[in-house]
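Undergrad: give the three-dimensional model of this entry:
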Amino acid sequence: MNRLLYVTLLSALTIFGFIMYQQHDLGHVSFSFSGITFQTNLIVFTAGLLCAAFAVMLLVKTWQLIKSAFIYLFGRREIRLQEKARSSLTQGLIDYAEGRFQQAEKILLQQVKYSDNRLLVYLSAARAAQQLGAHQRRDEYLRKAHIEAPDADIAIGLTKAELQLAHEQNEQALATLTQLNTLTENHRYVLSLLAGTYHKLHDWDNLNNLLPALKKHGHLSAQDFLNFEIAACNGLMTKLTVYKDSKLLLEHWKETPHHLKALPDVVEHYARQLIKVGSAGEAENVLRLYLNKNWEESTIVLYSELDVMVDNKQLEMAESWLKDHQHNAWLLLALGNMCITRSLWGKARNYLEASISINPMPQNYLKLARLLEEHMEDVPAAQEYYRQGLHLLAGDYGDDILEEKNLALEPESPQLQIVKA
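TA: Here you go, the predicted structure:
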């Protein structure tokens, strides 16, 4: 379009000039400025204007060419620097993955001002500084990352919290995560990290309060969420034992969800806390009722460690377990303890000897030796059991103990006779 305009204008001027030349009338142009007068004909004036316009256009084109040349040269330099920055980022990440953290930090920052991904550079450098224990540099890189990407608060905050947790800076991580939870309510990863931090700090009240949101928005596996539930429940029970009041534990147990009451970890922890506050009888009742419906080896071990008075009904219920678990050494040890509290010395010795024949343990040796020494006046036998128990405890298995263990491994074990009181 511009070219057509120029051709038309030039053609018109040529025709106009030719007509003027044929009529011998070249026109007259006169300029006067500050006493100076300039006169010429129209053709010369027009030619001068065209030359001036051409000169201006030439200058403009020359300037554009010079400008383009500079842009091209500097652009090429910028491209090379950006390529170097990308290479530095790639090499820095490789060094970090291979454990060369000091070198990774240095390389990552070499061309950071030319990088087109400064956020990633600073976050990676912060992780490298974390591995070197340079917490101040780590926090400085995170601050610069926030300056580079103000809208990436969540990503930067999560990185900061992860690094703080990795270095056991749990209080600082809690402050970071609490702020993040305020900025983005019910963020699933924030909730998961916050729950883990509460767990590390034994902040059971806040962990328990967080459970509803964690269940709804945390997207945890069923087992992971259950672990947090167990931790919160057991932690609160431990906290209540400080008051030495069994009523507080009983009230807490009533409010405990039924699915937790069916777990051995929770039941056993509850029993241990009852023992600590002087309610071993209630602990025995809880464990006995649980074992009557759910057989757990760890629970029967805890039950065997109880030293409480029992009545005939409790003893008969425990003895009924022998129908399915006659060769369980811990059950036999527990029955021996219960018989001792009922002053049934013969039955207690029977159970304890059967326990030793199945699985010799320092506990059953000690209990049997005390029974023989204190209640059955069989001092030589008691001393022998003391000796064997000490050998077992020290890891020095004598020939007599090894012989007993070999007998216990025989497929045909003698049937235990239960003698009613």
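Undergrad: quick one: the helices in the stretch 1-150 of the chain?
TA: Assigned by DSSP state H, counting those that start in this stretch, the stretch 1-150 of the chain shows helices spanning 2-22, 42-97, 101-110, 118-131, 135-148.
Undergrad: tell me which of those is the most buried.
TA: Neighbour counts (mean count of other Cβ atoms under 10 Å) averaged over each of the helices of the stretch 1-150 of the chain peak at helix 118-131, with a mean of 23. For the C-beta atoms, the positions are set from N, CA and C on the backbone; glycine is no exception.
Undergrad: centroid residue for this protein?
TA: What sits nearest the mean C-alpha location of the chain, by Cα atoms, centre = their mean, is Leu193, with 5.4 Å.
Undergrad: ok so, going back, can I get the helices of the stretch 1-150 of the chain in a markdown table including mean pLDDT and distance to Glu168?
TA: Below are those laid out as a markdown table (pLDDT from 0 to 100; distance: least, Cβ to Cβ, whole Å):
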| stretch | mean pLDDT | distance to Glu168 |
| --- | --- | --- |
| helix 2-22 | 68 | 73 |
| helix 42-97 | 75 | 21 |
| helix 101-110 | 88 | 18 |
| helix 118-131 | 88 | 12 |
| helix 135-148 | 88 | 12 |
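Undergrad: now those in TSV, with distance to Leu344?
TA: Rendered in TSV, the data for these read as follows (distance: least, Cβ to Cβ, whole Å):
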stretch	distance to Leu344
helix 2-22	119
helix 42-97	68
helix 101-110	68
helix 118-131	64
helix 135-148	65
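Undergrad: which among these is found nearest to Met317?
TA: Comparing the helices of the stretch 1-150 of the chain by their distance to Met317 (Cβ to Cβ), the top pick is helix 118-131, with 57.1 Å.
Undergrad: which helices and strands does that closest one pack with?
TA: helix 42-97, helix 101-110, helix 135-148, helix 153-166 (3 or more Cβ pairs under 8 Å, 6 or more residues apart in numbering; DSSP states H and E).
Undergrad: so can I have JSON lines of those helices showing distance to Glu284?
TA: Listed next are those as JSON lines, based on distance: least, Cβ to Cβ, whole Å:
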{"stretch": "helix 42-97", "distance to Glu284": "56"}
{"stretch": "helix 101-110", "distance to Glu284": "55"}
{"stretch": "helix 135-148", "distance to Glu284": "51"}
{"stretch": "helix 153-166", "distance to Glu284": "41"}
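Undergrad: domain assignment for this structure?
TA: Listed by automatic domain parsing, the domain ranges of the chain are 67-150, 221-307, 309-421.
Undergrad: turn the ones you listed into TSV, columns for distance to Leu183.
TA: Formatted as TSV, those follow (distance: least, Cβ to Cβ, whole Å):
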stretch	distance to Leu183
domain 67-150	13
domain 221-307	23
domain 309-421	52
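Undergrad: among the helices of the stretch 1-150 of the chain, which comes closest to Leu226?
TA: Nearest of the helices of the stretch 1-150 of the chain (Cβ to Cβ): helix 118-131, 31.4 Å.
Undergrad: starting at the chain centroid, how far to the closest one?
TA: 19 Å (Cα atoms, centre = their mean, to the nearest Å).
Undergrad: stretch 277-285 too?
TA: Counting by Cα atoms, centre = their mean, stretch 277-285 is centred 37 Å from the centre of its parent chain.
Undergrad: run through who's touching it.
TA: 241, 244-246, 249-250, 270-272, 274-275, 303, 306-310, 314 (Cβ atoms under 8 Å, 6 or more residues apart in numbering).
Undergrad: narrow those residues to those that are buried.
TA: 241, 246, 249, 270-272, 274-275, 303, 306, 308, 310, 314 (16 or more other Cβ atoms under 10 Å).
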